[in-house]
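A.B. asks: following is a predicted model, sequence given first.
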Amino acid sequence: MTMKKWIVPMLSMTLLMPTMAGAASPAATAVKASVNTPAAELRAGLDYLLSEHFTLAVTAMTKAYDGTPDAAAAYKALDQNALDMQPAIASLYGDAGAAEFERIFRAHNQYTEDLVKATKNKDTAAIQTAEDKVSGFVDEFGNFLGTATEGKLPAAAAKQVIRSHEDHVQEVFEDYAAGDYQGAYEAYRKGYAEMFSISKALSSAIVTQMPAKFESTKADTKAADLRSALNQLAGEHFALSVLQMQEQYEGRAASDALIRAEAMNTADFKAAIASIYGAEGAAAFEQIWVTNHVNAQADFVSAVKNKDAAAKAAVEARIAGFATEFAAFLDSATAGNLPKAAGQAALTTHENQVQQVLTQYAAGDYTASYQTNREGYKTMFSVGQALGNAIVTQFNDKFQEAVTPATTDPAAMTKVWMKVGSGVLNINGTVTQMDTEPFIWSGMTYIPLRYLSEGIGAEVKWDKGAQQVTIKAGSDTLVFWMNKDFMEVNGMRQSVGAKVFVNDDNRTVVPLRFITELLGWDVQWGGDKSITLTKSM
């Protein structure tokens, strides 16, 4: 099955530097541009985790197909990548959301492993079964993202990009299994680039859903785009280097195709430098980058393979010289915004990690090699951040975004979302993780009073002696008593309809029907037992 029709255009690296026409107009209010906003941090984190998933998935599949001794370690690293995504999911959608994510996402790694086995055994029926499971994952995960983001990333759109991702993974694997290594790594580069488009779409949906959590910053600014593009280039360089060095060490045919892919990555890096510092800067970059960096890594492999200590020491000296020379280049190019000392430290760390991945691999310590591999890959995203920050600081006016003053709508709606059995509370996009959950008891739904009240700006006071809760919301005062089925609204007694009580989490809970009927909230139930309350405030 060929997937060539799914090829996605590569990011144009010649457009990293915005033109002056794209800068903020003099008549508009502009804010200092930064690559370090909360939204840009979210996007960069997703860049890292999603792109690493792609690199490890492809590596694990091709290693398993070839039956290499490091295949099991590759799959273990792939599974750990999925586990590492959970804290980020929990911080956004609570523990329940993280658990559901884990259930869906980790399982699909097994489906790709099944596809490898079936392909290797030429078992047509098993191949179809594995592909059907992948299709099921696409639907289930797309629905999960659509629900979690409250439609900010529609389920249909999510399914489309996930399907495209899966097709790219399969295309790389199928070309590789057919011995078309050049085709495989061309597809690899396209599939890898696509992960950064996915992280942009997902991070944009999340910050739109939760503006307060991300301080109303945006994930799709020019500065965030620059940081992401540099993440892509640096991360791909590391991933391709590690693969190429392993293939060269083993004397495998895929090594030449990986060398070609590395050269394409270098060309994209050169174009990016040219878009910022011109042709002369790009030429200087290429000379330094290729001679004692890319080429030196290949020489390092030969020295390790031949157990030639003298040759190994010589190439290590060349690589150390590269770190010094390239750090000086970056210091000069960025007008000191990326100081030589900081650049040299980062580059030395990178080079040490690349070499360590290979030496651990050569020693047969595959678990350690993949651990270093993951550490080294993550380091590249620090490089993207540092270089992006230096460039944006240097040319800040070109990365600034025009800001339109916000307007206040007196009839604005307050929207509250919660779910039976979930601790997530979302009020107008601001997400809070509650330490208790809405629940159903005796046929009636109860919700926690304090979180809802404080979330909409009300003041809550508790009188332990009187077992009384007082809520002040604007000019209104509401009073509740524990184990009573009545309350007072501005001194007037009202029936609650059921008793107010303290639950096992020591939180005061009230019947949902009370909120909707007495305080004028509209309620909508979701099929998943989610509750959406809206009211003009």
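C.D. replies: Done, it's in.
A.B. asks: how far away is residue 430 from residue 348?
C.D. replies: 42 Å (Cβ to Cβ, to the nearest Å). To be clear about C-beta, it is placed using only N, CA and C from the backbone, and glycine gets the same treatment.
A.B. asks: give the burial count for residue 459, as a bare number.
C.D. replies: 11 (other Cβ atoms under 10 Å).
A.B. asks: that one is in contact with residue 469, isn't it?
C.D. replies: No - with contact defined as Cβ atoms under 8 Å, residue 459 does not reach residue 469; the gap is 11.2 Å.
A.B. asks: where does this structure have low pLDDT?
C.D. replies: Scanning the chain with the threshold set as pLDDT under 70 gives 1-31, 402-412, 454-456, 474-475, 514-520, 536-537.
A.B. asks: now name the helix or strand holding the residue lying closest to residue 139 once chain neighbours are set aside.
C.D. replies: In space, and not counting its chain neighbours, residue 139 is closest to residue 159: 6.3 Å by Cβ to Cβ, 6 or more residues apart in numbering. According to DSSP states H and E, residue 159 maps onto helix 155-177.
A.B. asks: could you say what helices and strands that helix packs with?
C.D. replies: helix 38-66, helix 71-120, helix 124-148, helix 181-209 (3 or more Cβ pairs under 8 Å, 6 or more residues apart in numbering; DSSP states H and E).
A.B. asks: just put those helices in CSV and tack on distance to residue 497 and mean neighbour count.
C.D. replies: Output for these, formatted as CSV (distance: least, Cβ to Cβ, whole Å; neighbours: other Cβ atoms under 10 Å):
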stretch, distance to residue 497, mean neighbour count
helix 38-66, 41, 23
helix 71-120, 28, 18
helix 124-148, 30, 17
helix 181-209, 32, 22
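A.B. asks: which one of the ones you listed lies nearest to residue 329?
C.D. replies: Comparison of these against residue 329 by Cβ to Cβ identifies helix 38-66 as nearest, at 23.9 Å.
A.B. asks: what is the distance between that closest one and the centre of its chain?
C.D. replies: Counting by Cα atoms, centre = their mean, to the nearest Å, helix 38-66 is centred 9 Å from the centre of its parent chain.
A.B. asks: burial check on the residue nearest to residue 451 when sequence neighbours are not counted, number of neighbours?
C.D. replies: Once flanking residues are discounted, residue 451 sits nearest to residue 434: 5.0 Å by Cβ to Cβ, 6+ apart. For residue 434, the neighbour count with other Cβ under 10 Å is 20.
A.B. asks: pop out the phi and psi values for residue 463.
C.D. replies: Dihedral pair for residue 463: phi -110, psi 100, per degrees, to the nearest 10.
A.B. asks: same question, residue 396
C.D. replies: Torsion angles, degrees, to the nearest 10, at residue 396: phi -60, psi -40.
A.B. asks: which residues touch the nearest residue to it once chain neighbours are set aside?
C.D. replies: Nearest residue to residue 396, sequence neighbours excluded (Cβ to Cβ, 6+ apart): residue 33, at 5.3 Å. Listed by Cβ atoms under 8 Å, 6 or more residues apart in numbering, the contact set of residue 33 reads 221-223, 392, 396, 399-401.
A.B. asks: could you grab the helix/strand/coil label for residue 33?
C.D. replies: Assigned by DSSP: H, G, I helix; E, B strand; the rest coil, the conformation of residue 33 is coil.
A.B. asks: thinking again about what came up before, how much space separates the residue nearest to residue 139 from residue 149?
C.D. replies: Distance, residue 159 to residue 149, by Cβ to Cβ: 13 Å.
A.B. asks: swap in residue 80?
C.D. replies: Plainly put, residue 80 is 25 Å away from residue 149 if you go by Cβ to Cβ.
A.B. asks: my read is residue 324 is in a strand, agree?
C.D. replies: No - using three-state DSSP, the assignment for residue 324 is helix, not a strand.
A.B. asks: quick thing: my sequence starts at 129, can you match it?
C.D. replies: Shifting the count to begin at 129 puts that one at residue 452.
A.B. asks: ok, it touching residue 472?
C.D. replies: Yes - with contact defined as Cβ under 8 Å, residue 452 counts as touching residue 472 (5.9 Å).
A.B. asks: more crowded one of these two?
C.D. replies: Of the pair residue 452 and residue 472, residue 472 is the one with more neighbours under other Cβ under 10 Å, namely 19 against 15.
A.B. asks: now the spatially closest residue to residue 261 that is not a sequence neighbour: how far from residue 659?
C.D. replies: Counting by Cβ to Cβ, 6+ apart, the nearest residue to residue 261 once its immediate chain neighbours are dropped is residue 239, at 4.3 Å. Per Cβ to Cβ, residue 239 is found 34 Å from residue 659.
A.B. asks: also residue 173?
C.D. replies: 30 Å.
A.B. asks: quick check: residue 652 is in a strand.
C.D. replies: Yes - Residue 652: assigned to a strand according to three-state DSSP.
A.B. asks: counting neighbours, what do you get for it?
C.D. replies: By other Cβ under 10 Å, 10 other residues sit near residue 652.
A.B. asks: show me what contacts it?
C.D. replies: Residue 652 is in contact with 659-660, 662, counting by Cβ under 8 Å, 6+ apart.
A.B. asks: any idea what it is bridged to?
C.D. replies: Counting by DSSP bridges, residue 652 is bridged to residue 660.
A.B. asks: against residue 224, how distant is it?
C.D. replies: For residue 652 relative to residue 224 (Cβ to Cβ), the value is 20 Å.
A.B. asks: quick one: residue 600 from residue 589, how far?
C.D. replies: To residue 589, residue 600 is 8 Å away according to Cβ to Cβ.
A.B. asks: ok, those two, which is more surrounded?
C.D. replies: Using other Cβ under 10 Å as the criterion, residue 600 and residue 589 rank with residue 600 on top: 13 against 10.
A.B. asks: measure the more buried one to residue 607 for me?
C.D. replies: Per Cβ to Cβ, residue 600 is found 10 Å from residue 607.
A.B. asks: phi, psi for residue 593 please.
C.D. replies: phi -60, psi -40.
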